[in-house]
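S.K.: Quick one: sequence plus predicted model below, questions after.
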Amino acid sequence: MSPNKKGVLAGDEYTHKLYFDPRADKADTGGYWITDEQLREKLSDLIDTEEKIEKASVYSNPLSSWQATNALLYHAFIVMETNNWWWSIEKNTEGITIQRSKDIKSVRDMYQRKKRTTGWTPLTKIRKNETTQGGNTTIEELINYIWRKDYLNDVYHLLKENCQKFAAMIFDRIKSPYNDRVYFDEAADEPRSSFNSYYMNVDRVFSEVQRLSTSENFTRLEIYKIPISSWNIPDFFVPGIFAFLFRQISGLFSHHYFVIFETNKGTYWSFERLPTRFTIQRAKNKQILLKECQRESRETLLSKANLEKSDVAVPQNMNAVLDFTWKKRNLEIFYLPVNFCYLVALGIYEKFKRN
């Protein structure tokens, strides 16, 4: 871990892979090396991704057995508790490692089946530094977060992308779930129910969309354009100060744009950028998506939707749209001006139309 070693400082040894050991407490089992492309699908096959994190703690241990203290030089990692398992997650010069066990010692005291480094004084034992409740974060949401933030492709760097920074980001995500909210309605043409869901964080949206759209391939896509009425904006659409700003901006940008996809299973998906959030809706009745947004009439705010563009779509699904929109650092689009609804819709249209 010495900064004099170029490979450690610059990440020359980094594999861009995640090592997952599903039973770190069993001698007769082994682990899996998983790439970024395989991350969500393969881990979903190996574990119960719906497990909720009950507690999470930041642990540390010294980098060298010669240290007298690990106050400054230390490796940081996260230990999580769910109803059925103990988990650890961490990053080092090789990649990211996730371990799972029925026994906390197998993930807290061991790394890839070897004892973690400890020093020669009482100040260099494996130490718990901070603990938080897990809230409603699931293992799957955490995996989606790691994938979405592209952490597997962030090459390890002793100063910039190290174990401590990674542990802090994972701990903060569990402690304060990511606040970028999306309105998601999986059955917009059916009566309201607890299954429809609505506002949720982005990482849960990835899970819900994956559940629904894996077998649905796009056949056609369209962009719709609606003139905006700047004098009649209901509260559900733009709350508070955003309503005032929206009225000012709408004088310059007088149309709202959104995309609708048709699938080979007879379903339709709409995707649109609203002033303060994104909305994703799914229905068997396309007319509902044209007439309503978030179960309110579009004509309350807007006029009738007009078809702007239409084309044959590439045979992909809504998972690919989310990948295109939110992978890596693309969440900055949450904070772009309202007129970016056109750029978002056009970008998706150009990406997923058949050339």
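M.R.: Nice, I can see it.
S.K.: Now do the contacts for residue 137.
M.R.: Listed by Cβ atoms under 8 Å, 6 or more residues apart in numbering, the contact partners of residue 137 are 52-53, 173-174, 177. C-beta here means a position set from N, CA and C on the backbone, and glycine is covered the same way.
S.K.: If we use 10 Å, what do you get?
M.R.: By Cβ atoms under 10 Å, 6 or more residues apart in numbering, residue 137 lies in contact with 52-54, 56, 80, 145, 173-178, 201, 203-204.
S.K.: Drop anything exposed from those.
M.R.: With neighbours counted by 16 or more other Cβ atoms under 10 Å, those contain buried members at 53, 56, 80, 145, 173-174, 177-178, 201, 203-204.
S.K.: what's the neighbour count on residue 132?
M.R.: Using other Cβ atoms under 10 Å, the number of residues around residue 132 comes to 15.
S.K.: Which of the three states applies to it?
M.R.: The three-state assignment at residue 132 reads strand, by DSSP: H, G, I helix; E, B strand; the rest coil.
S.K.: Next, the residue lying closest to it once chain neighbours are set aside: phi, psi?
M.R.: Setting aside the residues directly before and after it, residue 132 is nearest to residue 175 in space (Cβ to Cβ, 6 or more residues apart in numbering), at 4.2 Å. Dihedral angles of residue 175 (phi, psi; degrees, to the nearest 10) stand at phi -70, psi -40.
S.K.: And residue 43, by the same measure?
M.R.: The phi/psi pair for residue 43 (degrees, to the nearest 10) reads phi -70, psi -30.
S.K.: And the pLDDT at it?
M.R.: Residue 43 is assigned 83 on the pLDDT scale.
S.K.: mind listing which of the contacts of residue 137 are in strands?
M.R.: Using DSSP state E, the subset of those located in strands is 56, 80, 201.
S.K.: Now distance to residue 117 and pLDDT too, for those residues, in JSON lines please.
M.R.: Putting these into JSON lines (distance: Cβ to Cβ, whole Å; pLDDT from 0 to 100) gives the following:
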{"residue": "56", "distance to residue 117": "22", "pLDDT": "97"}
{"residue": "80", "distance to residue 117": "21", "pLDDT": "97"}
{"residue": "201", "distance to residue 117": "36", "pLDDT": "87"}
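S.K.: Turn these into TSV, columns for distance to residue 218.
M.R.: Converted to TSV, the ones in strands among the contacts of residue 137 look like this (distance: Cβ to Cβ, whole Å):
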residue	distance to residue 218
56	38
80	37
201	25
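S.K.: In terms of pLDDT, where does residue 301 sit?
M.R.: With respect to pLDDT, residue 301 has a value of 53.
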